[in-house]
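**Student:** structure, please.
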Amino acid sequence: HVKGSYKVTAAAWPHMRDQKYGRIIMTASAAGIYGNFGQANYSMAKLGVTGFANTLALEGRNRNILSNTIAPLAGSRLTETVLPEELTLALKPDYVSPLVAWLCHESCDENGSLFEVGGGFFGKLRWERSAGKMVRLGREISPELVRASWPAITSFEDSQHPSDIASSMQPIMANIAAGPSKGSNEFIDVDLALGYEFEESTSSYDERDLALYALGVGAGDDPSDDKDLQLVYEMHGKGFRALPSFGVIPAVNQIVTMAKEGKRAPGLTFGIDRLLHGEQYTELVRPMPRNAKLSHRSKVKSIFDKGKNALVTYETKSYDEDGNLLPINELTAVIRGAGGFGGERGASEPVNVAPDRKPDYVSEQKIGVNQALLYRLSGDWNPLHVDPAMAKAFGFEKPILHGLCTFGHATRHVINQCFPDADPRLFKSIKVRFAASVFPGETLITEMWKDGETRVIFRCKVAERGEVVISNAAIERYEKIPKPAAKVVAATPAQEATSEEGKEDEPTSSDVFVAIADFLVRNPDQVSQIGVVYQFQLSDPDSIWTVDIKNGGGSVGEGETVKPECTLKLSDSDFMGMTSGALDPQALFFEGKLKIGGNVMASQKLTFLQKIDPEQAKEAVLKARSAKASGEASMPAQKPREARTPSAAGIFEKLAALAKSDPSVAEAVAATMQWIVSDPDIRYAVDFKGETKVFEGELDSPDVCFTISDEDLASLVAGEGTIESFYQHGKLRIDGDLKVAQRMAFLSALA
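**Tutor:** Residues are numbered from 1 along each chain as shown. Presented below is the predicted three-dimensional model:
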């Protein structure tokens with residue numbers, strides 16, 4: 001099966017190659033695909049034929065030689081002894097041959113495929129792979145880890161269908177490009193969790209929610225206090241105001257809701273019993289309106305290893321119905337006992353340290369005994385704050401006050417004492433660290449120190465115990481009240497027309513390549529440092545761009561201006577997202593939206609894009625657009641590619657002289673070689689097997705055939721890489737006896 005298929009194909013291949021046309025059909029078997037009891041030799045041979053056909057499909061594609069495989073079920077001498085007679089008659093070869101005829105037809109472009117056929121059935125097979133488990137390099141990978149990950153490794157719930165080696169290697173290459181592991185243990189896998197974005201969620205609130213929240217954080221203790229009355233009475237004559245710390249409520253409620261629904265970031269497997277609210281940062285881009293419908297986008301922003309414990313920060317950005325950013329929240333959770341995973345420690349220097357002097361202002365307020373019961377109505381339903389049994393289970397003598405309730409009290413105290421006219425609309429941000437718990441009924445003291453005109457450092461402590469409960473805290477305010485975001489109104493037809501014209505101001509992919517060209521003009525040293533020719537094949541709309549960062553001073557042009565070494569295929573929109581930083585190229589590659597051909601590792605050198613100065617790029621784009629409008633060349637002027645003298649003739653002249661002066665060269669190779677050189681095209685024959693000779697022309701049946709460009713041949717001889725590296729990166733093609741390539745030590749003598 002294998003040898004017969006090989007011999008016949010080897011005889012036909014040169015003719016197909018020369019005429020640039022061919023159709024090859026291999027015959028495999030279900031036994032080769034699935035295995036079959038008692039048919040080890042047959043199964044192995046039939047799957048070997050399939051692999052042979054798949055490689056021929058790749059090697060012949062550029063010369064219009066297509067190769068496919070069928071796995072037929074047909075009645076024959078092979079099956080008539082094992083299948084019932086009526087089944088053998090039903091499985092006539094006549095039901096197989098039409099598929100073969102079509103696959104052989106000149107108008108059929110199917111290539112590298114496997115088909116099951118017989119008894120009236122025609123079906124194409126493909127490989128399927130589970131999404132699998134990715135473990136970042138640098139982590140200890142044990143059998144226990146594999147066992148624990150077995151459901152993810154074996155589940156086909158989220159499967160992939162790699163069609164070639166490049167797509168097969170995508171996860172591995174993405175893992176290598178991602179760099180070493182950031183650490184993990186049984187509770188936290190930083191590589192999986194860090195940067196994870198939760199599904200967008202929505203919520204809404206109105207005046208009632210704002211008033212209920214204000215009451216929950218101690219407003220209204222004195223109903224005659226006009227400042228507090230503005231926070232709880234929607235008909236107040238001076239205007240109803242939202243207490244700024246309410247900005248934390250929508251975000252925290254979304255996190256609580258996700259926890260109830262069992263939604264968590266991958267890689268975070270700790271239970272709620274290990275979680276403590278350690279720090280909180282809340283910022284308002286503008287004052288919270290009286291009512292709003294919000295959409296929330298949350299992600300895991302940072303994870304730090306603090307030794308015994310871990311810190312996980314969740315960031316939530318909330319937007320109004322017009323897409324305007326409103327509050328930004330960062331909730332930092334202390335995960336008890338989850339440290340020690342070998343990750344980054346994060347900043348260790350304390351911030352917002354209270355000055356060693358008497359406070360500028362002090363506020364004191366008795367916490368109501370029912371304050372936790374009232375505050376929980378704003379959304380935090382954790383039974384720790386209301387259920388005595390639950391509190392005791394967590395080691396407290398009775399239910400404790402919510403940390404964010406204390407947070408709200410402190411916000412009120414600072415605004416009332418330190419803001420002009422106690423106007424909450426001037427609030428910008430607050431950052432606190434929760435140091436200890438407060439019990440309902442205790443007295444909260446807030447100490448405040450002015451730190452400039454718009455910043456206040458503060459801390460909170462409990463009078464009865466003298467214990468600090470909020471530390472390292474600060475509130476900042478705006479100098480002027482931020483204006484409400486402008487409402488989006490429907491455009492008139494005239495405005496829409498103007499808008500269409502204005503779209504010319506939006507950056508396009510061609511603008512990006514103008515910016516790259518300008519960067520190369522300004523930074524010619526990058527050409528020698530990077531040394532790669534890239535081709536970007538964009539779709540929707542289709543375009544091809546060549547970025548030559550190898551020759552002369554580098555060049556950028558539309559179309560294939562130079563033969564590429566690394567090809568990147570992706571949509572125009574994904575390209576724009578990748579170059580703007582909105583999309584992660586590694587994620588695009590892993591998801592199959594970015595396909596890389598040729599020298600895959602060269603794609604990692606594209607980090608030079610991050611060095612492009614935005615202002616210089618903008619200047620270059622405007623200049624290019626102006627030039628284009630006036631009919632001039634729009635691409636920044638680049639140093640022309642220096643004309644190079646072809647190298648092949650000189651190299652093979654040296655080889656002929658070397659072989660004549662040193663017979664050991666031919667003896668070491670002991671093979672006949674055909675060299676097919678392109679750009680410019682020329683062929684050289686090398687006979688180091690019979691009569692030693694090197695000449696321009698062709699051999700009838702060389703042991704090995706090397707296909708390479710003139711420029712790459714010169715680089716290979718100059719020692720700028722090995723035969724193996726040129727072959728692996730697609731710069732050198734080898735047909736025939738691969739072992740000959742291992743006996744090419746003479747190349748170094750031809751430089």
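**Student:** from Ile33, how far off is the nearest residue to Glu696 once chain neighbours are set aside?
**Tutor:** Spatial nearest neighbour of Glu696, chain neighbours left out: Tyr684 (5.7 Å); criterion: Cβ to Cβ, 6 or more residues apart in numbering. To be clear about C-beta, it is placed using only N, CA and C from the backbone, and glycine gets the same treatment. From Tyr684 across to Ile33, the span is 43 Å (Cβ to Cβ, to the nearest Å).
**Student:** who has more neighbours, the two?
**Tutor:** Higher neighbour count among Tyr684 and Ile33: Tyr684, with 24 against 17, using other Cβ atoms under 10 Å.
**Student:** okay, and the more buried one sits in which element?
**Tutor:** strand 682-687 (DSSP states H and E).
**Student:** partners of that strand, with directions?
**Tutor:** If you go by DSSP bridges, strand 682-687 pairs up with strand 672-678 (antiparallel), strand 693-696 (antiparallel).
**Student:** list the contacts of the residue nearest to Glu696.
**Tutor:** 648, 652, 674-675, 677, 694-697 (Cβ atoms under 8 Å, 6 or more residues apart in numbering).
**Student:** whichever of these end up buried, select them in ChimeraX.
**Tutor:** To isolate the buried members of the contacts of Tyr684 in ChimeraX, using 16 or more other Cβ atoms under 10 Å:
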select :648,652,674,675,677,694
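**Student:** contacts only, for the nearest residue to Asp109 once chain neighbours are set aside.
**Tutor:** Closest residue in space to Asp109, ignoring its immediate chain neighbours: Leu66 at 7.1 Å, by Cβ to Cβ, 6+ apart. Residues in contact with Leu66 (Cβ under 8 Å, 6+ apart) are 22-24, 57, 60, 103, 108-111.
**Student:** confirm that Leu66 sits in a helix.
**Tutor:** No: counting by DSSP: H, G, I helix; E, B strand; the rest coil, Leu66 is not found in a helix; it is strand.
**Student:** and the helices in the stretch 351-500 of the chain?
**Tutor:** With DSSP state H, counting those that start in this stretch as the criterion, the stretch 351-500 of the chain has helices at 371-375, 388-393, 403-418, 493-502.
**Student:** what does the second one contact?
**Tutor:** In other words, helix 388-393. With Cβ under 8 Å, 6+ apart, helix 388-393 has contacts from 383-385, 397-400.
**Student:** can I have the buried ones of these as a ChimeraX selection?
**Tutor:** In ChimeraX, this line selects whichever of those come out buried by 16+ other Cβ under 10 Å:
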select :384,385,399,400
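**Student:** and the contacts of helix 388-393 as TSV, adding distance to Lys611?
**Tutor:** Shown next, in TSV, are the contacts of helix 388-393 (distance: Cβ to Cβ, whole Å):
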residue	distance to Lys611
Pro383	53
Leu384	51
His385	51
Glu397	59
Lys398	59
Pro399	56
Ile400	52
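**Student:** from the contacts of helix 388-393, which two are the most distant?
**Tutor:** Greatest spatial distance among the contacts of helix 388-393 (Cβ to Cβ): Pro383 and Glu397, at 15.8 Å.
**Student:** quick revisit: quickly, which of the helices of the stretch 351-500 of the chain bottoms out on average pLDDT?
**Tutor:** Per-segment mean pLDDT for those reaches its minimum on helix 493-502, at a mean of 38.
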